[in-house]
Structures are given as structure tokens and as C-alpha cells.
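Q: what's the 3D shape of this:
(one chain, ligands or ions: 2)
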Amino acid sequence: MTITEEIQRRRTFAIISHPDAGKTTLTEKLLLYGGAVQLAGSVTARKNQRATTSDWMELEKKRGISISSTVLQFDYDGYRLNLLDTPGHKDFSEDTYRVLTAVDAVVMVIDSARGIEPQTRKLFEVCRQRGVPIFTFMNKCDRPMKEPLALLDELERVLGIGAFPVNWPIGNGADFQGVYDRQTKTMHTFERVVGGKYRAPETVGGLHDPAVRGNLSEADFAKTVEELEMLEHAGEIFDDAAVLAGKSTPVFFGSGVNNFGVQLLLDGFLKHSPAPKSRVMGGIEIAPENPAFSGFIFKIQANMDPKHRDRIAFIRVCSGKFDRDMTVHHSRSEKKVRLSSSHKLFGNERETVDEAYPGDVIGLVGHDSFGIGDTLTTDPKILYKEIPRFTPEAFSYLHNPNTGKYKQFRQGLDQLLQEGVIQALYLRNSSIKTPLLAAVGPLQFEVVQFRLESEYGAESRLEAAPWSVVRWLPTDIKEEELDALSLPTGARLAYDVGKNPVILFQNEWSANYFGETNKNTPLSALPVQTTRE
Ligand SMILES: Nc1nc2c(ncn2[C@@H]2O[C@H](COP(=O)(O)OP(=O)(O)OP(=O)(O)O)[C@@H](O)[C@H]2O)c(=O)[nH]1
Ligand SMILES: [Mg+2]
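A: Ligands and ions are numbered 1, 2, ... in the order given. Alright, predicted model coming up:
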């Protein structure tokens, strides 16, 4: 296959939504229908223990929520898919936002009983800014759902995006039978299978075919026919250009847990979603066919495999071909590095990969100098600046109650810090050696504690810190100038890991007051990305 053919068959996408809409469940069902797993590990299989391929972390299985994004690569119907399941909770959104820089399209999952929820709206906004094409899956139609027309209207009204229903639900809640595919003009009715582990048996036929109608009541059938006529009457057609520009979203209905409509979503997505495109950086366009290999690291994760206890840097390949053992330029260290340990990923399973193409996400092991946002390339002129930065809003001290285990505590914390989901700050002129952790949301601290214990055998104790706002000072500020600053009550000076000075404030008001009264010392709400000596 030529490089162009390899690129054309790649589909790299993320599944996003508000917590609990069913992303992980849908991911598992896409794997089932994509032939990547034989049996879907159902979330509901055992009451409090879930077994899905993408929620592999101990705490995810226990809580039944996603904490960290997961990469799943598999082949289906001639395509190579790189699928990323993301966490919905806002405390973990930093990870989700980074994933959005690495994908070419998203599937937005909506709980049809709830409609557009706040976190979906935020994620949608990021996709729109990046111009990422969005495909919508109206999930949980097996529960009493909102009227399908009202859901479409919500997409248009709340998100301001055009919505094109590719298929339409037949029945609703307990009477949900399947969907009508408007493009092929066929009814697809499904049978429920226990736990949704296997593909749902499906009957396909024309709208008026009595064999396909299942248990649909006359009233429901009449309603479906009427709605379909209305849609036809509106005369809208599928507009590929508008979808690729992120101006219109194809809408699919179904139920992930019951496997209804999953195949139609998968096939529809593959048909209409884009292959990897050029990326623009600093006004220069880098086409995927560019002969130079290039990519950027968007995620780091330690201890994915308890057998190995190492850290993986996830890189999204953007141009050229990756060959194992190749030597590349590493942007952060400005050194040449040889990439010998490369893996394709499937949840927490990995397998050595010898080559990769634009669109692929691969895992690199054994490079402690790699950080989030770094570019790896054979052409040092290429430098990606894709990774967004975040302002922490939660602060807490992390104590080590067991001095005998200081080494495990420190090593564990350092490795988790490298993953970039928490930051450590150090108070200036303080004898306190306890790290002050900063994160987007407090749940992240619980994750750190749990992982320190389960992955490093280190106990820890959290202590609330009195600040809620952090601002970065100019990087060229001198120590004497820091001494001379007059801070509002309760505010403290501290340093981040790059030794950049910051001010911790008790609240927004106090930060604003400082800004007003110290016009010569501009503060930044976003972390600076330099390291001071
Ligand atoms: N009734 C019904 N329940 C569903 C459906 N899909 C998922 N669920 C349930 O919804 C709950 C949440 O599902 P998940 O797949 O974990 O949701 P998620 O979006 O991945 O959640 P986070 O990753 O934590 O944001 C689970 O209890 C699922 O069994 C569906 O089609 N119908
Ligand atoms: Mg999930």
C-alpha cells in the first residue's frame, strides 16, 4: 500500500460527552461490532465491578466511571481505527481536551432522556474552535426519551449546529424497536440480548414490511411514519462539506447497552468521517504525506501494565512514516533520540509496532525526558504547539504519613506529576516540605492517593489548602522584586515545578485586587511553560 492509501484508510476519533451518557459502553460496542472483541464486557455484568476494555484502571472498575482516556487501535472493513474513549467528569477534562488535539473527528454521545448537558456543551465548544467534525449518537433510546424532533432542535438551538438525522428511532423507552435508516430507506429492528454481550439479532426491511415491524403499536408506527414524512418534506440532504467543516452533525439514534443502532453508527461514521488532514503550525501547512516523519505527545501514563511498571508517552503521528528504531529530533531536549520501543495500544494491552502512519496513535516506552506537548520529527523545523494549558482551581497538601516509605511516596508522586494531570507547587520562604498539589478539580487528588497506594504502595493524607486561585508572575521577575511585592491578606508566593513564581490567592476578588493595584506586575492565569535556573 502507498503512504497515501495508508493515510486514507485511517480514522482517528474520540468519543466525548457529559458524564454517564454512555461513552465507555458505546466504545465497547464499537469494538464488538468492529470485530475487535468477541464478547462485550458489560458494565452491568456484575453489579459493582465493570469489565470494559477502555476502563482498565483499578479505580475506574471500582467506581464505574472513566478517569483517564484510553486508546484502542483496531482494523475493520479495510479501515484502521484509532478510537479514544474519554472521561466525562469535569475534574478530568484536562485529559479530554488534550485528546481532542490528537483526533480528526468526534462522536458526541447524548443521553436522549437528558438532552444536551453542560459538559457536552463545553466539549462541543472546543471541537467547534478546532473545526473538528462531529457525529452525534442519541443514546439510551430504550429509556423514556425526549421527542426526537425536540432533540434535533436542541442541537440546533443550544449548540448552534445543523443536525441531519441519518436514522430515526422507532418506538421509545420500553417500546424502542430499532431505527429507520433514511439513506437506504430501511427499517432495522433489533432483539435485546441478555447483558448486550453479543450482537443484537436484527431484522431489516421496508417501512411498511409487517415482518420488520416487531411489537410496534399502530399508534407508534403512525407517529414514526408522520415524523419521517415531515423530515422528507423539509427536504434537507446530507451535506458532506458541512459535516467536514463542523457546521452540521449527522445524527444516529440507538442504545449502546442493547447494541441497537451501533453497526449503523459505525458504518455511517466511517463513510462520512475524514482521513487525517494537514495541520497548520505557525502559518505553515504540514500535509500528512510530507516525507518527514512528525508527531506530538499528547498524553503520558505510568503503570498501565502492572507487569512492566513503566511509563508510556502517547504520540499522534501527523506526517510521514514511522519506523521502529528510527532516530528523531526531540523538541524539548533538542537532542536526537532513537525510538526503539514502540507499541500499538488496545486499552492496557500493547504490542510492538514496527511502522505507523499519519492518524495513528502509538505508545513510546523508555524515554523519561518526553513531556506532554513535545514534538518528535525527522525535520527539526516542524514544531507542533497543540496542547492547551489549564489553570488549576483546586489546591491541597499531600502528606506522607509513613516516613519509612518516603522513597515510594516521592517516586510515585514524581511519576504521577509527569502525567501532567496534577501540578506541584512549593511555597516560597517556607520550611514546609510537603508538596502543595494543584489540579483542575478535587477528584484528581483522590485519584493520586488511590494510585499512590495501589501502584507504589505509598499511603498519603490530604490536607485542604486555603487557596482557590493561582496566577503566574512574569518569568523575568527578580527575587528582590518578589520580596518587595505587597500581597493581599492570605495570599502567598510559591514556585511551580519549572521554578516559575506564582501567587496563590484566597479568591478571585483578591487576585483581581492585586491586579488592579499592581499594574506593573502583570499576572497570567495560564501556566507559563518555561524553566528557570
Ligand atoms: N438504559 C441504558 N443505559 C445505558 C445505555 N448505555 C449506557 N448505559 C448505562 O449508563 C451508565 C454509564 O455508562 P458509561 O458507558 O460508563 O458512561 P460514560 O459516558 O463512559 O461515563 P464517564 O466515562 O464516567 O463519563 C452505565 O450504567 C451504563 O450501563 C443505554 O443505551 N441504555
Ligand atoms: Mg466512560
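Q: can you list the residues of the stretch 1-150 of the chain near ligand 1?
A: Residues of the stretch 1-150 of the chain lying near ligand 1 by Cβ under 6 Å from any ligand atom: 17, 19-25, 43-44, 65-66, 87-89, 139-140, 142-143. Quick note: C-beta positions are derived from backbone N, CA and C, even for glycine.
Q: ok, which of those also contact ligand 2?
A: 23, 24, 66 (Cβ under 5 Å from the ion).
Q: how about the first one, phi and psi?
A: Dihedral angles of residue 23 (phi, psi; degrees, to the nearest 10) stand at phi -60, psi -50.
Q: which SS class is the closest residue in space to it that isn't next to it in sequence?
A: Among residues not flanking residue 23 along the chain, residue 15 sits closest, at 4.5 Å (Cβ to Cβ, 6 or more residues apart in numbering). Classification of residue 15 using DSSP: H, G, I helix; E, B strand; the rest coil returns strand.
Q: now do residue 15 against ligand 2, distance only.
A: Distance, residue 15 to ligand 2, using Cβ to the ion, to the nearest Å: 8 Å.
Q: low-confidence ranges, the stretch 1-150 of the chain, go.
A: 41-50 (pLDDT under 70).
Q: can you pull out the strands in it?
A: With DSSP state E, counting those that start in this stretch as the criterion, the stretch 1-150 of the chain has strands at 10-16, 70-76, 79-85, 105-111, 134-139.
Q: remind me which residues of the protein are low pLDDT?
A: Scanning the chain for pLDDT under 70 picks out the ranges 41-50, 529-533.
Q: where do the helices of it begin and end?
A: 3-8, 23-33, 58-63, 93-101, 118-130, 148-154, 218-234, 240-244, 262-272, 406-418, 443-456, 479-484, 508-517 (DSSP state H).
Q: just send those back as TSV, with mean neighbour count too.
A: Output for the helices of the chain, formatted as TSV (neighbours: other Cβ atoms under 10 Å):
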stretch	mean neighbour count
helix 3-8	16
helix 23-33	26
helix 58-63	16
helix 93-101	22
helix 118-130	17
helix 148-154	17
helix 218-234	13
helix 240-244	15
helix 262-272	20
helix 406-418	17
helix 443-456	19
helix 479-484	11
helix 508-517	14
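Q: compare those helices and give me the one nearest residue 330.
A: helix 406-418 (15.2 Å; Cβ to Cβ).
Q: what's that closest one in contact with?
A: The contact list for helix 406-418 (Cβ atoms under 8 Å, 6 or more residues apart in numbering) reads 300, 302-303, 311, 371, 398, 400, 402, 422-424, 435, 448, 451-452, 455-460, 497.
Q: swap in 7 Å and give it another go.
A: Under the contact criterion Cβ atoms under 7 Å, 6 or more residues apart in numbering, helix 406-418 has outside partners 300, 302, 311, 400, 422, 424, 435, 448, 451-452, 455-458, 460, 497.
Q: could I get the helices of the chain as TSV with distance to residue 171?
A: Shown next, in TSV, are the helices of the chain (distance: least, Cβ to Cβ, whole Å):
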stretch	distance to residue 171
helix 3-8	38
helix 23-33	20
helix 58-63	33
helix 93-101	33
helix 118-130	25
helix 148-154	11
helix 218-234	5
helix 240-244	28
helix 262-272	16
helix 406-418	48
helix 443-456	38
helix 479-484	67
helix 508-517	49
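Q: distance from the chain centre to stretch 136-148, please.
A: 23 Å (Cα atoms, centre = their mean, to the nearest Å).
Q: for it, how far is the first residue from the last?
A: Terminal residues of stretch 136-148 are spaced 13 Å apart (Cα to Cα, to the nearest Å).
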